[in-house]
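*Asks:* Got a sequence here, can you model it:
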Amino acid sequence: DWWRAFGDTQLDALVRGATAANPTLAAASARVREAASIAGAAEAAEGPQVAGSLDLTRKHWPENLYYGPGPLAGRTTWNNTAALRLSYHLDLWGRDKNETERALDAAHARAADARAAQLEIEANVVRAYIDFAQHYALLDIATDMLARQRQLADLARQRLAGGIGTQLELSQAEAPLPEYERTIEARREAIELDRNQLAALLGKGPGAGAALLRPALALSARAELPTQLPAELIGHRPDVVAARWAVAGEARGIDVAHAAFYPNVDLVATLGGYAAAGPLFRFLRAANGGWTGGPALSLPIFDG
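*Replies:* Numbers count the residues shown, from 1 in each chain. Below is the predicted model of the structure:
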């Protein structure tokens, strides 16, 4: 809330409104949630995986074509299978871990990007509001100069009427008046443009800025800055932080690529039931069950 140093409640409301209903920030927030979900999915790959399958099929067996004479030839039976599969990847080379860390780095980078977008919007609103106040001050100056010049013209007119002045003095006093009037119109136009700009930053139509009052900035407050600013502060800028997380994520990607050259080792186990004939639920009987278990290893040998 650094802009509160200006002491203007209207500015506070504008900044809150711009950050609360801004579509850019909404999109940035959505990207942060998306990256966090991707990181969660990557982390889930590090744990054991359980999958189940069930296949209930009514099958008519050919007669003497492929199987020859037998108990299934020409019959229509249930051909059912059910299996439960458990697998766990032994992350010996850190591939899954680095994949998770890379997804987390991407989520951190998205969060920093969202913060940078918020700061950009806040700074733009404050900058436009200060321009708004500046144009009001310039309008005051132009109005005061026009009033003074009109006084000089009136004085020259009175001097001419009294016989102690000349027409040249009156002409010289009246000559700047049109330019001062044009300056005032230009300042008023700039104020209206500032109103429209602030309305646009709030995501509203041009007419929304008509209700804005003249800024009341407290410019007498001293800027409380330390006498020394370490260069480390640059590293805390959201855009710099986002770039650092992006570099960290790419470095994790290199580790993931390196791990692909090493063998994959998985522990696999299955438990299932099978039945090619008989009643519908015959495959659930213990006599029709089977199981497997053991390590599974795959090793890349050649990849052009």
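
*Asks:* how about the host helix or strand of Val268: buried residues?
*Replies:* Using DSSP states H and E, Val268 maps to strand 264-275. Buried residues in strand 264-275, defined by neighbour count with 16 or more other CB atoms under 10 Å: Asn264, Val265, Gly272, Gly273, Ala275. The way it works is simple: take the backbone N, C-alpha and C, and place the C-beta from them, glycine included.

*Asks:* ditto for stretch 134-146
*Replies:* Residues Gln134, His135, Tyr136, Leu138, Leu139, Ala142, Leu146 are the ones in stretch 134-146 that count as buried (16+ other CB under 10 Å).

*Asks:* Show me the contact partners of it.
*Replies:* By CB atoms under 8 Å, 6 or more residues apart in numbering, the surrounding residues in contact with stretch 134-146 are Leu177, Tyr180, Glu181, Thr183, Ile184, Arg187, Arg188, Ala190, Ile191, Asp194, Arg214, Pro215.

*Asks:* and of those, the nearest to Leu229?
*Replies:* Pro215 (28.7 Å; CB to CB).

*Asks:* excluding its backbone neighbours, what's nearest the closest one?
*Replies:* Spatial nearest neighbour of Pro215, excluding adjacent residues (CB to CB, 6 or more residues apart in numbering): Ala133 at 3.7 Å.

*Asks:* now the one helix or strand the one you found maps to: mean pLDDT?
*Replies:* Element membership of Ala133, judged by DSSP H and E, is helix 95-161. Averaged over helix 95-161, pLDDT sits at 93.

*Asks:* from here on, count from 12
*Replies:* OK, 12 is where the count begins now, so the last one is helix 106-172.

*Asks:* Buried residues, the helix or strand following it. List them.
*Replies:* Next in sequence after helix 106-172, counting helices and strands by DSSP H and E, comes helix 178-185. The neighbour-count check on helix 178-185 (16+ other CB under 10 Å) flags Glu180, Leu181, Ala184, Glu185 as buried.

*Asks:* Not counting its own residues, what contacts helix 178-185?
*Replies:* Gln160, Leu163, Ala164, Leu166, Ala167, Arg168, Arg170, Leu171.

*Asks:* quick one: contacts for the fourth one?
*Replies:* When contacts are counted by CB under 8 Å, 6+ apart, Leu166 touches Ala184.

*Asks:* next one: the fifth one
*Replies:* Taking CB under 8 Å, 6+ apart as the criterion, Ala167 is in contact with Gly176, Glu180, Leu181, Gln183, Ala184, Glu185.

*Asks:* Over to the third one?
*Replies:* Taking CB under 8 Å, 6+ apart as the definition of contact, the neighbours of Ala164 are Leu181, Ala184, Glu185, Leu188.

*Asks:* could the residues you listed be laid out in a markdown table, adding distance to Lys70 and pLDDT?
*Replies:* Compiled in a markdown table, the contacts of Ala164 are given as follows (distance: CB to CB, whole Å; pLDDT from 0 to 100):
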| residue | distance to Lys70 | pLDDT |
| --- | --- | --- |
| Leu181 | 114 | 88 |
| Ala184 | 110 | 90 |
| Glu185 | 108 | 91 |
| Leu188 | 103 | 93 |
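
*Asks:* Closest one to Gln129 out of those residues, please.
*Replies:* Closest to Gln129, out of all of the contacts of Ala164 and judged by CB to CB, is Leu188, at 47.8 Å.

*Asks:* What number of residues are in the vicinity of the closest one?
*Replies:* When neighbours are counted by other CB atoms under 10 Å, Leu188 registers 14.

*Asks:* what's the closest non-adjacent residue to it?
*Replies:* Nearest one to Leu188, counting by CB to CB, 6+ apart, is Gln160 at 5.8 Å.

*Asks:* what's the helix or strand for Gly51?
*Replies:* Assigned by DSSP H and E, Gly51 belongs to helix 34-55.

*Asks:* Go through the contacts of stretch 145-157 and give me the one with the most neighbours.
*Replies:* Result: Asp205 is most packed of these (other CB under 10 Å), 22 neighbours.

*Asks:* so the helix or strand where it lies versus helix 106-172, what angle?
*Replies:* Using DSSP H and E, Asp205 sits in helix 188-212. For helix 188-212 against helix 106-172, the angle by axes from the mean of the first three to the mean of the last three CA atoms, to 10 degrees is 160 degrees.

*Asks:* Which positions within the helix or strand following helix 188-212 qualify as buried?
*Replies:* Past helix 188-212, further along toward the C-terminus, the next helix or strand under DSSP H and E is helix 249-270. Going by neighbour count (16+ other CB under 10 Å), the buried part of helix 249-270 is Pro249, Val252, Ala253, Trp256, Ala257, Ala259, Gly260, Arg263, Gly264, Asp266, Val267, Ala270.
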